[in-house]
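Participant: fold the stuff below for me.
(2 chains)
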Amino acid sequence: MLFHNIKYTFLNMIRTKEVIFWSLVFPLALATFMYLAFGKINEVTENLETIDVAVVESVQNEMFDKILVEVSNGESPLLNPMKMNIQDAVSTLDSKEVDGIIHVDDTISLSVRENGLNATILSSFVDRYLQNEATLTQIAKNNPLALNSAIEALSDDTSYFKEEKLTDGNTDNLSNYFYAVFAMSCLFASFTGISSMFSIQGNLSPLGQRRCVAPTKKLHVVLTLFLTNEIVQFAIELITFAYMSLVLGIDLSNKYPALFLLLFVASSFGLTMGMFIGSLKKPVTEGAKMGIGVAISMALSVMADLCVSGLMNTIEHTVPIINRLNPAALISDSFYALNTYSDYSRYTSNMVNLSAMTLILFTLTILTVRRNRYASI
Amino acid sequence: MSNVIEINNLVKRYKELVALDHLSLEVKEGEIFGLLGPNGSGKTTTINCILSLLTYDKGSIKVFGKEMTPSSYDIKKQIGVVMQNVAVFNELTVYENIDYFCGLYITDKELRKKYVEEAIEFTGLSDFKKFRPGKLSGGLLRRLNIACGIAHKPKLIFFDEPTVAVDPQSRNKILEGISKLNKDGATIIYTSHYMEEVEQICSRITIMDKGRSIANGSKDELKKMITVTEHISIETCNLLDEHIKELSGLVHVYEVNYNDNLLTISFSGGKHNIVRVLNYLQEKNISFGRVYSELPTLNDVFLEITGTQLRDSL
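Facilitator: Residues are numbered from 1 along each chain as shown, chains lettered A, B, ... in the order given. Got it, this is the predicted structure:
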């Protein structure tokens, strides 16, 4: 009888367009939208073009010459200096063939025709040289052999911090959005849970009445619904995962067994949450219960970084217990833990919490609906 | 014949409203038992209590000699229910719906297949096996609802107003089908507020009003409970008050009404009442048109017992 029930519940479910839309199409569409909005943000790099600049030498400045040679070499040189007399320099500046004129006299000065990025870079370059000119002169005087390395150091941006990676995993903050989409997708399984509970309760639907008068134990009925819905929901999560990782190319970890277990437990939780809401005596309309399901799912997902990145982290630092009890945060954090850390302790802790909550809700659902006689129909 | 259902002093309250007021009734094996009453009289509540869907405040219910509870699975196996509202899956076909509900009772696959085919044949849905409910007319949908309730060949079948919003042709087919199920051995509980249907198919009837059983028996027994035995209606005109008075004095006349050129006389007993009335009209040279004679209906029974027309109460 179990197979018989599963077969027809499954057929009914996959033919219900609303279920497919909310459980599959909506999360996929949201993930695609987020991908288009944020997905490429880290890939954007600014390619600066080499700046053409006229150099007018009134006096010979060996040190500055060396600096110019240094910044005009390499794969993407900063400057393309062109030595010329003042008339040609002004003419090329007027015709915008160069972005500025560097005057090499007793001191170094710069002329530009208009403000802009290139003018700002040229100005910074000259300012930086002038700030370090005294130092370089001193080095040339005391230790001429070190002059070249000093010039190289000057032409590079030097950072005094060393970046140490604690993990080989993905530490991209934007991934949090996609983890939250997954959490939301799993919690949206609650809609099918709510809907299916309507079809087994005599006080809520004619179908429920018909099922209540049949010689079938409520535990059996609820279990059938759970198994069927879970099969469909798990398949939906796998499709969502495949779409996000294979089509959108989002890095969601490659620890597949742990990942699939997470998807299974997470969708089980969403489903059970819906079944529990559906089993409550009030409110009695499906619309009102769906409203509760949507509100809870969205609120929990928002707290798990769906809309505001960093909210989950803020909660973690202020009221961490909320993150331990928020299933969306547990799901999202499990993705994060799998994708970031090489050990499974954080993931395991989240899974235990999520499984325990699922079990509690399932038990409460059974207790609510079993052997029910209704006060009114 | 043994009792299939025994209800004793059943009381069901919805807060202040008493839905069932110390209701007692018995349904015997093999009969078509009618529960007749206006909407809100407690018919569906009675059925839902019997089926253990509703809690009740007082009384006892036994089905097949055993107390009925939500976990009385052995009793439930022998019961079929055709709900007032159509209860099917909209995304399953006609065949799949019947097979699903039959499968809740019959686990043997081959037997179930046979039963499903028979139910489809019985309800005349053979041409619509692959249709989904959304594609069926109201009458066909009702028939599908019936097929889902009876496919497992139950011994006791509840029909809760199965002909509501059904065209006359489908209604007749449904009533014929119910009679056939009864002939095949099923005990039927039939509720309706259409007295003609109840009169047509039920062997025993309980009339309900305000949660109480106000009369119980076969249709003939019920009709014998009331004073009026015959109604005669005659189309006539120019009838004077003195004629009405004289007609009221005829033997066995219970009540005389004259409205819109229609003379209606109710009799309490007597034979050849129509002859006496027509003789009187001829004697007085009063011309008349069509003449009707009607035996009392269950509506008359309801009217006399409650003081209101059954139809007025709907």
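Participant: CA atoms for contacts and neighbours, from now on please.
Facilitator: Fine.
Participant: so where do the helices sit in the stretch 251-377 of chain A?
Facilitator: Taking DSSP state H, counting those that start in this stretch to define them, one finds helices in the stretch 251-377 of chain A at A:256-279, A:286-302, A:311-318, A:320-325, A:327-340, A:345-369.
Participant: okay, those in JSON lines with mean neighbour count and mean pLDDT next?
Facilitator: What follows is those, written out as JSON lines (neighbours: other CA atoms under 10 Å in any protein chain shown; pLDDT from 0 to 100):
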{"stretch": "helix A:256-279", "mean neighbour count": "24", "mean pLDDT": "94"}
{"stretch": "helix A:286-302", "mean neighbour count": "19", "mean pLDDT": "91"}
{"stretch": "helix A:311-318", "mean neighbour count": "15", "mean pLDDT": "87"}
{"stretch": "helix A:320-325", "mean neighbour count": "16", "mean pLDDT": "92"}
{"stretch": "helix A:327-340", "mean neighbour count": "26", "mean pLDDT": "91"}
{"stretch": "helix A:345-369", "mean neighbour count": "17", "mean pLDDT": "94"}
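Participant: so for chain B, which of the ones you listed sits nearest?
Facilitator: Chain B lies closest, by CA to the nearest CA, to one member of the helices of the stretch 251-377 of chain A: helix A:345-369, at 11.2 Å.
Participant: tell me which residues are up against stretch A:285-296.
Facilitator: For stretch A:285-296, the surrounding residues in contact (CA atoms under 8 Å, 6 or more residues apart in numbering or on different chains) are A:188, A:190-191, A:194-195, A:198, A:204, A:274, A:277-278, A:283.
Participant: and chain A, which residues reach chain B?
Facilitator: When proximity is defined by CA under 8 Å from any CA of the partner chain, chain A lies next to chain B at A:1, A:4-5, A:8, A:11-13, A:15-16, A:202, A:206-207, A:209-210, A:212-217, A:371-377.
Participant: buried ones among those residues?
Facilitator: Neighbour counting by 16 or more other CA atoms under 10 Å in any protein chain shown classes A:1, A:4-5, A:8, A:12-13, A:202, A:206-207, A:209-210, A:212-217, A:371-374, A:376-377 among those as buried.
Participant: what's the neighbour count on residue 225?
Facilitator: Just going to use chain A. Applying other CA atoms under 10 Å in any protein chain shown, we find 24 residues neighbouring A:Leu225.
Participant: you answered for a different chain; I wanted chain B.
Facilitator: Count around B:Met225 with other CA under 10 Å applied: 15.
Participant: now render the helices of the stretch 251-377 of chain A as CSV, adding distance to B:Glu255.
Facilitator: Below are these laid out as CSV (distance: least, CA to CA, whole Å):
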stretch, distance to B:Glu255
helix A:256-279, 58
helix A:286-302, 55
helix A:311-318, 85
helix A:320-325, 78
helix A:327-340, 77
helix A:345-369, 57
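Participant: how about those, which one is nearest B:Pro38?
Facilitator: Judged by CA to CA, the one of these that comes nearest to B:Pro38 is helix A:286-302, at 29.8 Å.
Participant: now the angle between helix A:311-318 and that closest one, please.
Facilitator: 70 degrees (axes from the mean of the first three to the mean of the last three CA atoms, to 10 degrees).
Participant: residues contacting B:Val166?
Facilitator: B:138-139, B:142.
Participant: to clarify, my last question referred to A:Tyr243.
Facilitator: Applying CA under 8 Å, 6+ apart, we find A:Tyr243 in contact with A:Leu28.
Participant: same thing but at 10 Å, please
Facilitator: By CA atoms under 10 Å, 6 or more residues apart in numbering or on different chains, the residues touching A:Tyr243 are A:28, A:31-32, A:237, A:249-250.
Participant: flag every buried residue along the top helix by length along chain B.
Facilitator: Longest helix of chain B, by residue count under DSSP state H: helix B:168-183. Neighbour counts over helix B:168-183 (16+ other CA under 10 Å) mark B:170-171, B:173-175, B:177-179, B:181-182 as buried.
Participant: and it, what does it pack against?
Facilitator: Judged by 3 or more CA pairs under 10 Å, 6 or more residues apart in numbering or on different chains; DSSP states H and E, helix B:168-183 is in contact with strand B:32-36, helix B:109-122, helix B:138-150, strand B:156-160, strand B:187-192, helix B:195-201.
Participant: now the element after the first one, going C-ward?
Facilitator: Scanning forward in sequence from strand B:32-36, with DSSP states H and E defining helices and strands, the next element found is helix B:43-50.
Participant: A:Leu359 is in contact with A:Thr272, isn't it?
Facilitator: Yes: the pair A:Leu359 / A:Thr272 is scored as a contact, 8.4 Å apart, by CA atoms under 10 Å.
Participant: need the overlap of contacts for these two.
Facilitator: Shared contacts of A:Leu359 and A:Thr272 (CA under 10 Å, 6+ apart): A:Thr365.
Participant: by neighbours, which of the contacts of B:Val166 wins?
Facilitator: With neighbours taken as other CA under 10 Å, the top of these is B:Arg142, carrying 27 neighbours.
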